[in-house]
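In: take this sequence and fold it.
(one chain, ligands or ions: 2)
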Amino acid sequence: MEKLQESMYKLIVETSTNLPKDVRRVIQRAKEKESAGTRSAMALHTITNNIKMADDNISPICQDTGMPTFKIKTPVGVNQLVIKEAIYAAIEQATKDGKLRPNSVDSLFGNNSGNNLGAGTPVVKFEQWEKDYIDARLILKGGGCENKNIQYSLPCELEGLGKAGRDLDGIRKCLMHAVYQAQGQGCSAGVIGVGIGGDRTSGYELAKEQLFRSLDDENQIPELRQLEEYVMENANKLGIGTMGFGGETTLLGCKIGVYNRLPASFYVSVAYNCWAYRRLGVTISPETGEIAQWLYQEGDDTLQPAAAEAAADVQEQREIVLQAPITEEQIRELRVGDVVTLNGMMYTGRDAIHKHLTDNDCPVDLNGQVIYHCGPVVMKDSEGKYHIKASGPTTSIREEPYQGDIMKKFGIRAVIGKGGMGEKTLAALQEHGGVYLNAIGGAAQYYAECIKEVVGVDFLEFGIPEAMWHLRIDGFKAVVTMDSHGNSLHADVDKTSLERLAQFKEPVFK
Ligand SMILES: O=C(O)C[C@H](O)C(=O)O
Ligand code: SF4
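Out: Ligands and ions are numbered 1, 2, ... in the order given. The predicted structure follows:
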């Protein structure tokens, strides 16, 4: 199997950079449903461009290349240890080449292994089968959507929906709730993989297994097919839309599997995957290790970039150009819905930085500056200069305990992220004169192109994603979704989607 490592490398690179055709088709359908001029239409346009850019640059679609999870089926007699070694070597190489972000962090001490190898990383699962070839599949599911997974234990009481019992209708309610609770934070529109039954562990495994199904397939169990169709139709009536901006498409796919359960337990486990639904597969010759066939790539790539339509999209919104340092007066001018184009400098800061800045000083003067919730993919060239390879926003809500205090302490005027923030931050924006800007989650190539130079870096000891990168930017666009006047698009969408969720309270499956 001398070609095996090369084949695994190709699988990793393709999965990270080339969105499967079945996913492209559902994104195109979502675009067709969205009315021109809406924020969701604009976001979908950016997503489309980003997908094309990732193809052209052979660079990660999203900077969070997730937990690499391999599912391998081997003929009897194939040495699985050899396959594991080839995967580890390929992972290390792909990380070095900037196709994967170093994502394996020591949970106790916080250090990043730097090569995506470590305890429990990557996940590799083997199964034997009777066929005479190897089937290797990979999913790169990022941390933001992973945080939106949810497991229900029936019977239970659900916000907006009331009691969910141990039957098909109870499961229906869980699935509607699972989509609602994700809001835009897992980079909607998403795909849900659902596991009914099992125990807590096998239920989640089954849910994730569903994410390896093709979006075009049909469930073989009539009751589950009906449930999948119901959820697809009705979850899209919740109005959460792309990135939680409000809109017609909230869910791109729903795939449900079932296991037997223990008499005392009834779990419904939901694995939420963002639109950047990166999973591919190959068949491999057990003699040479060469790829024989790519999976999930049949059919047409219907995804259409639409330049003219994009120009029309932004016409209805105010467009404001800003450059840091930004004054309080400039911030107070901004309203929810405005599109802001930023030029000049911005600084990345996410979990480790926010925690650190709470109790410590900052090495740079952040007065009037812009903080970007982002953990980029970064490469160092032979002269020691850093280059940003992928740099979309991370989920901002994780910084909710710190954000307001840090803005006030350092005089920060704007925070860019995705998925919105909560009441504490909203109050701080109002009091201090700050703004929250929502960038398009997963659009890592699109934003990397706006970054013209890495001017410096601090806290590299926190690892590449967690360091504070000093970036010179040009034409970085984001939408005001929380302003300094107490308005939050996220709070509004949450409220209306909860009201809509309550419309699905009555039993459907008797
Ligand atoms: O870690 C990241 O870069 C982003 C993460 O996947 C998120 O969705 O918040
Ligand atoms: S940033 Fe968004 S698109 Fe990227 S992995 Fe996280 S949830 Fe997915």
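
In: and residue 338, what does it touch?
Out: Counting by Cβ atoms under 8 Å, 6 or more residues apart in numbering, residue 338 touches 317, 318, 319, 320, 479, 480. From N, CA and C alone the C-beta is placed, and that goes for glycine too.

In: now tabulate these in TSV and tack on pLDDT.
Out: Output for those, formatted as TSV (pLDDT from 0 to 100):
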residue	pLDDT
317	79
318	90
319	90
320	96
479	96
480	98
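
In: now tabulate those residues in JSON lines and tack on distance to ligand 2.
Out: What follows is the contacts of residue 338, written out as JSON lines (distance: Cβ to the nearest ligand atom, whole Å):
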{"residue": "317", "distance to ligand 2": "23"}
{"residue": "318", "distance to ligand 2": "26"}
{"residue": "319", "distance to ligand 2": "25"}
{"residue": "320", "distance to ligand 2": "25"}
{"residue": "479", "distance to ligand 2": "16"}
{"residue": "480", "distance to ligand 2": "20"}
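
In: which of those lies closest to residue 93?
Out: Nearest to residue 93 among the contacts of residue 338, counting by Cβ to Cβ, is residue 479 at 37.7 Å.

In: how about the closest one, secondary structure?
Out: strand (DSSP: H, G, I helix; E, B strand; the rest coil).

In: just the residues of the protein that are near ligand 2, which are they?
Out: For the chain, the residues in contact with ligand 2 (Cβ under 6 Å from any ligand atom) are 62, 64, 66, 142, 144-145, 186-187, 274, 276, 392, 441-442.

In: what subset of the residues you listed is buried?
Out: Neighbour-count burial (16 or more other Cβ atoms under 10 Å) applied to the residues of the chain next to ligand 2 gives 62, 64, 66, 142, 144-145, 186-187, 274, 276, 392, 441-442.

In: which parts of the chain sit against ligand 1?
Out: So the chain meets ligand 1 at 63, 64, 142, 143, 144, 375, 394, 395, 441 (Cβ under 6 Å from any ligand atom).

In: inside helices: which ones of these?
Out: Here DSSP state H is the test, and the residues of the chain next to ligand 1 give 143, 144 as lying in helices.

In: which among the residues of the chain next to ligand 1 gets closest to ligand 2?
Out: residue 142 (2.0 Å; Cβ to the nearest ligand atom).

In: close enough to count as contact, the closest one and residue 276?
Out: Yes. With contact defined as Cβ atoms under 8 Å, residue 142 counts as touching residue 276 (7.0 Å).

In: any common contacting residues for the two?
Out: Residues touching both residue 142 and residue 276 by Cβ under 8 Å, 6+ apart: residue 62.

In: closest residue of the stretch 351-500 of the chain to ligand 2?
Out: Taking Cβ to the nearest ligand atom, the stretch 351-500 of the chain has residue 442 as its residue nearest ligand 2, at 2.8 Å.

In: just to revisit the earlier point, turn the buried ones among the residues of the chain next to ligand 2 into TSV, including pLDDT and distance to residue 55.
Out: Formatted as TSV, those follow (pLDDT from 0 to 100; distance: Cβ to Cβ, whole Å):
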residue	pLDDT	distance to residue 55
62	98	14
64	98	18
66	98	19
142	98	19
144	98	22
145	98	22
186	98	23
187	98	19
274	98	18
276	98	13
392	98	16
441	98	19
442	97	14
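
In: what's the closest of these to residue 250?
Out: Using Cβ to Cβ, residue 186 comes nearest to residue 250 of those, at 10.8 Å.

In: let's see the pLDDT reported for residue 510.
Out: For residue 510, the model assigns a pLDDT of 81.

In: quick one: it and residue 165 touch, right?
Out: No. With contact defined as Cβ under 8 Å, residue 510 does not reach residue 165; the gap is 11.6 Å.

In: neighbour-wise, which of these two wins?
Out: Each of residue 510 and residue 165 has its neighbours counted (other Cβ atoms under 10 Å); residue 165 has more, 14 against 6.

In: picking up where we left off before, just the buried subset of the contacts of residue 338, please.
Out: Of the contacts of residue 338, these count as buried by 16+ other Cβ under 10 Å: 317, 479, 480.

In: does residue 240 belong to a helix, a strand or coil?
Out: On the three-state scheme (three-state DSSP), residue 240 is labelled coil.

In: count of neighbours near it?
Out: Neighbours of residue 240 (other Cβ under 10 Å): 29.

In: chain neighbours aside, what residue packs nearest to it?
Out: residue 250 (4.2 Å; Cβ to Cβ, 6 or more residues apart in numbering).

In: residue contacts, the one you found?
Out: Residue 250 makes contact with 179, 188, 189, 190, 235, 236, 238, 239, 240, 241, according to Cβ under 8 Å, 6+ apart.

In: then residue 388?
Out: Taking Cβ under 8 Å, 6+ apart, we find residue 388 in contact with 376, 377, 378, 448, 451, 454, 469, 471.

In: restricted to helices, list these.
Out: Per DSSP H, the contacts of residue 388 map to helices at residue 448.

In: which of the contacts of residue 388 fall in strands?
Out: If you go by DSSP state E, the contacts of residue 388 have 377, 378, 451, 454, 469, 471 in strands.

In: burial of the first one, as a residue count?
Out: Neighbour count of residue 377, defined by other Cβ under 10 Å: 28.

In: quick check: bridge partners of it?
Out: residue 390 (DSSP bridges).

In: returning to what we had before: now, of the contacts of residue 250, which are buried?
Out: 179, 188, 189, 190, 235, 236, 238, 240, 241.

In: now do the contacts for residue 490.
Out: Contacts of residue 490 (Cβ under 8 Å, 6+ apart): 183, 184, 244, 419, 420, 421, 481, 482.
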